[in-house]
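Okay, structure incoming, though there's no sequence with it:
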């Protein structure tokens, strides 16, 4: 126990009183969790076809998040909802109706999004929704439009680039009870894992030099790296969370349409632009 | 029914946490007793600047939340180049915080001894220090023991603040076990029992001291 030595240091120092305002404003991005899929029957939007419905009302109604930095966040000053998901949704509106502003955003949460899609309140969900086998039973998904997953946030000059670099003596920070506290112990068994109340506190501890890396969804980490340019997100993803656009089950016409839009965006470089605009770097190939 | 299997499946975590809570409590107890006594002497000393330092310390530290004091050590000190691990930072925060209360307890005890005692001692030729050592402190300590016991019991419970900065104490591991098993209520019942293992004997010891000193009256 080195405590005693340090003790004397402090006693000698008397009282060093300084308040550090390590407040981490605005990093409270919600984490996408599993949406509870209700077992109700589909209201049969597929019979008319979502695309026809959109063209008829001349507006694309889409469910997005309002509380997630970089992906779908309502700006309290302007009232506008902005983010990666919104730009993708606008691209779909542009292709379908010729005008990216013919769009209506509706706020969804991880819980409400599938029921809202099923009862026809929204045409599609573009809300950081991970494609899972369970959800595929309830809705159809487009191709992956964003590959999220577990990554590491490290100091810019750190030589940690992968979970393999988390050797003995390194410390990884995360939030209590997150799925990452388990998966990081499996992937980096030699590293010490320290868990904090939430990611804001974990980030504060990282900034105070209390750890070598912070782990969670890369989507959240990009938000933190954007706030403090002394930090970067590692390229490697050690668990995969592919985001897809959810569409009513059985509406293959609209799924194909959305996939074509995504393909076109990737081919004409528009996707890279949107990616860079929000994430701050080019997508990894 | 309470799920006792948690104790077996996560016993190592409970024990590690218990050990660290015990360690943190003991270190903070000794540390805050020393630091608190120093500041109490500052507060009643005849030297003016020492009074001010003592008063400033007590008023500042005891009027902010413990968690802020701990954060000061955890994220504040690294800003000036002193990096402590969470356990040490938490224990030091706890020490500094408790010392403010100890200082006030001791000061109150000393001042509870009637002034006439000091005057009588001084006029019979004892020095200031001798007066303190042989006349004032032996009487003050009897007044001080019960509130001091309170402070130390609070200290043990307050050590749970380490859980917030990943200080590897009982509360920290309690949170982890709860997140792992989802039987939150049961998990914290065991956490509570472990705290009682520390605080009940401490209470009993304070009671014993109280009786012993009362007999010497």
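Sure thing, it's come through. Everything quoted here is computed from the prediction, not taken from an experiment.

which parts of chain B sit against chain A?
B:23, B:27, B:31, B:34-35, B:53, B:57, B:60-61, B:68, B:71-72, B:74-80, B:82-88, B:91-92, B:95-96, B:164-166, B:172, B:175-176, B:178-179 (CB under 8 Å from any CB of the partner chain). From N, CA and C alone the C-beta is placed, and that goes for glycine too.

Let's see that with 6 Å instead.
Contacts of chain B with chain A, taken as CB under 6 Å from any CB of the partner chain, map to B:27, B:75, B:76, B:78, B:79, B:83, B:88, B:92, B:164, B:166, B:175, B:179.

what about chain B, any weak spots by pLDDT?
Residue ranges of chain B with pLDDT under 70: B:215-217.

Let's see that with 80 instead.
Scanning chain B for pLDDT under 80 picks out the ranges B:1, B:182, B:214-217.

measure the residue lying closest to residue B:169 once chain neighbours are set aside to residue B:174 for me?
Nearest residue to residue B:169, sequence neighbours excluded (CB to CB, 6 or more residues apart in numbering or on different chains): residue B:162, at 4.0 Å. Using CB to CB, to the nearest Å, residue B:162 is found at 11 Å from residue B:174.

ditto for residue A:68
As judged by CB to CB, residue A:68 and residue B:174 stand 30 Å apart.

same check, this time on residue B:96
Distance from residue B:96 to residue B:174, by CB to CB: 25 Å.

Please report phi then psi for the closest residue to chain B within chain A.
Closest contact between chain A and chain B, by CB to the nearest CB, is at residue A:177 (3.2 Å). Per-residue torsions, residue A:177: phi 80, psi 0 (degrees, to the nearest 10).

who wins for neighbours among the residues of chain B next to chain A?
Of the residues of chain B next to chain A, residue B:166 is surrounded by the most neighbours, 30 neighbours in total, counting by other CB atoms under 10 Å in any protein chain shown.

Scan the chain for its longest helix.
Let's take chain A. helix A:252-267 (DSSP state H).

think we crossed wires, I meant chain B
helix B:11-44.

Might one say that residue A:71 is in contact with residue A:83?
Yes. Using CB atoms under 6 Å, residue A:71 and residue A:83 qualify as a contacting pair, with a distance of 4.6 Å.

Between the two, which is the more surrounded one?
A direct count of neighbours by other CB under 10 Å for residue A:71 and residue A:83 places residue A:71 higher, at 30 against 25.

circling back to that earlier point, and the residue nearest to the residue of chain A closest to chain B when sequence neighbours are not counted, what helix or strand is that in?
Closest residue to residue A:177 apart from its sequence neighbours, by CB to CB, 6+ apart: residue B:179 at 3.2 Å. Counting by DSSP states H and E, the element that carries residue B:179 is helix B:170-181.

Residues in contact with stretch A:181-194: which ones?
With CB atoms under 6 Å, 6 or more residues apart in numbering or on different chains as the test, stretch A:181-194 has contacts from A:163, A:166-168, A:170-174, A:195, A:215, A:238-239, B:166.

got a winner among those for most neighbours?
residue A:215 (33 neighbours).

you'd agree it is in a helix?
No. Counting by DSSP: H, G, I helix; E, B strand; the rest coil, residue A:215 falls outside a helix, being strand.

pLDDT score for residue A:69?
If you check residue A:69, the pLDDT there is 84.

should've said residue A:18
So, for residue A:18, pLDDT stands at 36.

Chain B: helices as residue ranges?
Using DSSP H, helices in chain B cover B:5-9, B:11-44, B:48-62, B:66-71, B:86-112, B:115-123, B:128-130, B:137-158, B:170-181, B:184-215.
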